[in-house]
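*Asks:* Got a sequence here, can you model it:
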Amino acid sequence: MGKMKPNAILILVILTFISIVFIGQDALNKNVNAETGEITLRLGQSKAANHPVSQGIDKFAELVEGKSEGKIIVETFHDSLLGSDREVIESAQRGSLELASSSTPNMTSFTNYFTAWDLPYIFENKDEVYKAVDGKPGQIIRDEMEHSGFKVIFFPDYGFRQVVNNVRPIKLPEDLKGLKIRTTNSKIEQADFDQFGASPTPVAWSEVFTALQQGTVEGEGNSYSLLWDSKHQEVLNYATEVNYNYSSDIVVMNKETFDSLPEEYRDIIMEAGAEATIWQRELANQREEEAKQQFVDYGIEIYEPTPEEMKIWKQSVKAVWDDFVREGEAEPEYVDIILETLGKTKETIFE
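*Replies:* Sure, this is the predicted structure:
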């Protein structure tokens, strides 16, 4: 086989470079209306359309359309219409979907910084959550996600997880002994329930209702609003308000697509994300209180542990920190940044 001539090699290199440069633009062009110039971006996620996360995403879409005077349209798809959390996030990473949202425990495969967010009681109230997400810990996540091909747009407020089941009242961790409790794929959440004495059972969110119906699992950990909006009250009897874990959601955009937009459009999207965050947080907190009352009115028995009992709940999962705060899991340096931002220490959490 003969050697390629220098000119042919040069032409091949130039063509390859041009094709790479225009990949991002091509990804964007497929969403542009040739007649109006209107750009359509799709956003997929798994939660019910009436959940506060979903409503915050719809608010974001409304703000983008308004700020761009109709030049950017964000089409939102809820209820897993485009796939599960994992599926839509992977689609956004590939660029076959422009935007996606997922709960943060499902994002640990992209960066183990999210593992630190899963640590039991690292966040003890919403003020601490917002201080971390809006501060240095959140910025580190934003920067890190870009290495995986994502532009973080905003973090919708999901809420604290409570322990719910359909077998018996739960006052202390020991009351969970032997119960099969659905968890996410988070290794830390599974470890939490191990320490509580339950049998953690990972189940995809779309299958949890049926799993509770059929007895595959007997309980789960989740926020009141998500449980109610997903009709899980129909297969539950008891709730225990222990706030053992906080989950945020995250809305991301394919970074290549984001970067291919004009600067004006990029600014509009980020401004809309910031404004949607404020609006959605207020809604989420209001909705959580409403959903809790709906649980009570429906007949679900809710137990609120005493301060002494809460110490027992916290101390029962202290070992989870010992097991997971290490390099390659919940990075110790990042955990320290969160604690420093919140002005507390591990010792004050578990005292």
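
*Asks:* next one: phi and psi at Pro200?
*Replies:* With angles defined as degrees, to the nearest 10, Pro200 sits at phi -70, psi 130.

*Asks:* try Lys126
*Replies:* The phi/psi pair for Lys126 (degrees, to the nearest 10) reads phi -70, psi -30.

*Asks:* Can you find which helix in this protein contains the most residues?
*Replies:* Once the chain is assigned using DSSP state H, the helix that runs over the most residues is helix 263-298.

*Asks:* Residues touching the helix or strand following that one, excluding its own?
*Replies:* Sequence order places strand 301-303 as the next helix or strand after helix 263-298, per DSSP states H and E. With contacts defined as CB atoms under 8 Å, 6 or more residues apart in numbering, strand 301-303 is touched by 169-171, 237-241, 292, 295-296. The way it works is simple: take the backbone N, C-alpha and C, and place the C-beta from them, glycine included.

*Asks:* Show me the helices in the stretch 101-250 of the chain, by range?
*Replies:* Applying DSSP state H, counting those that start in this stretch to the stretch 101-250 of the chain gives helices spanning 113-118, 126-134, 136-146, 187-196, 208-214, 224-229.

*Asks:* what's the closest of those helices to Ser247?
*Replies:* Nearest to Ser247, of all the helices of the stretch 101-250 of the chain, is helix 113-118, at 7.9 Å by CB to CB.

*Asks:* Around Lys314, count how many other residues there are.
*Replies:* 18 (other CB atoms under 10 Å).

*Asks:* meant to ask about Gln286, not that
*Replies:* Using other CB under 10 Å as the criterion, the residues surrounding Gln286 number 12.

*Asks:* cool, and Asn237?
*Replies:* Asn237, neighbours per other CB under 10 Å, totals 15.

*Asks:* how far away is the residue nearest to it when sequence neighbours are not counted from Tyr238?
*Replies:* Excluding the flanking residues, the one nearest Asn237 by CB to CB, 6 or more residues apart in numbering is Asn166, at 4.8 Å. Asn166 sits 7 Å away from Tyr238, going by CB to CB, to the nearest Å.
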